[in-house]
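K.L.:
Take this sequence and fold it.
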Amino acid sequence: MASLNKVFLLGNLTREPDLRYTPGGAAVCEFGLAVNRKFISNNQEKEEVCFVEIVVWGKQAESCGRYLEKGSTALIEGRLQLDQWEDKDSGSKRSRLRIVADRVQFVGRKTGSEPAYEQNQDGAHHQPSAYQPRPPQQPYAQQQKPPAAAPQGRPFPPMPEDAFNNVDEVEDDIPF
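P.N.:
Residues are numbered from 1 along each chain as shown. Just a heads-up that it's a prediction; the model follows:
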């Protein structure tokens, strides 16, 4: 029997991302996500919220730790993972279901933190850029380097004037 374990969630972070590193140097970031659902019951609009724990590994974890904050909207693509263990104090069996994210897309700023449109010095309104990274934390400050200048290349040579004159004589390699 075939099986599929794939999850897509769109929601807002419930707390600041917690970025850590394993003893082996792998980045891991954990945060909570609130996913809202609106529905109508007895002719009244209702809303329920589902709180989900998310864990992200590797470069995606570092990006989440740097760019996301409490309230940010994110689209999570991942899989369900069931963790089971015995409680050290009571000896009872415990379990939790969480999402292991394969991909995190930063959708927008946290709601209510910024105006929908900003006004520049000319008085024109424009949408603000989607993301402003938080100030770098260690070890990022040590790793950042100024961008290298783009090499100045020569322009492409001009196309010969008779490049397309003999179109009827050329056979296409496309078998139709």
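K.L.:
how about the strands in the protein?
P.N.:
Counting by DSSP state E, the chain has strands at residues 7-13, 18-21, 27-41, 44-57, 73-86, 93-108, 118-119, 125-126.
K.L.:
among those, which is the most enclosed?
P.N.:
Comparing the strands of the chain by mean neighbour count (mean count of other Cβ atoms under 10 Å), strand 7-13 ranks first with a mean of 16. Glycine gets a C-beta too; all of them are placed from N, C-alpha and C.
K.L.:
Keeping just the C-alphas, turn stretch 58-78 into CSV.
P.N.:
What follows is stretch 58-78, C-alpha atoms only, in CSV (Å, rounded to 0.1, in the frame of the first residue of the first chain):
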residue,chain,number,x,y,z
GLY,A,58,20.1,23.4,7.7
LYS,A,59,20.2,26.6,5.6
GLN,A,60,16.5,27.0,5.8
ALA,A,61,16.8,27.1,9.6
GLU,A,62,19.4,29.8,9.5
SER,A,63,17.2,31.9,7.1
CYS,A,64,14.2,31.4,9.4
GLY,A,65,16.2,32.6,12.4
ARG,A,66,17.4,35.6,10.6
TYR,A,67,14.3,36.8,8.7
LEU,A,68,11.3,35.6,10.6
GLU,A,69,9.9,37.1,13.8
LYS,A,70,6.8,36.7,16.0
GLY,A,71,3.7,37.5,13.9
SER,A,72,5.4,36.9,10.5
THR,A,73,3.4,35.0,7.9
ALA,A,74,5.0,31.9,6.5
LEU,A,75,4.1,29.1,4.1
ILE,A,76,5.4,25.8,5.4
GLU,A,77,5.9,22.7,3.2
GLY,A,78,6.9,19.6,5.1
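K.L.:
mind listing what's buried in it?
P.N.:
For stretch 58-78, burial by neighbour count (16 or more other Cβ atoms under 10 Å) applies to 60-69, 71-74, 76, 78.
K.L.:
rank the strands of the chain by pLDDT, which is bottom?
P.N.:
Set side by side, the strands of the chain differ in mean pLDDT, and strand 118-119 is lowest with a mean of 42.
K.L.:
pretty sure K93 contacts E86?
P.N.:
Yes: between K93 and E86 there is a contact under Cβ atoms under 8 Å: 5.8 Å.
K.L.:
Great, nothing more from me.
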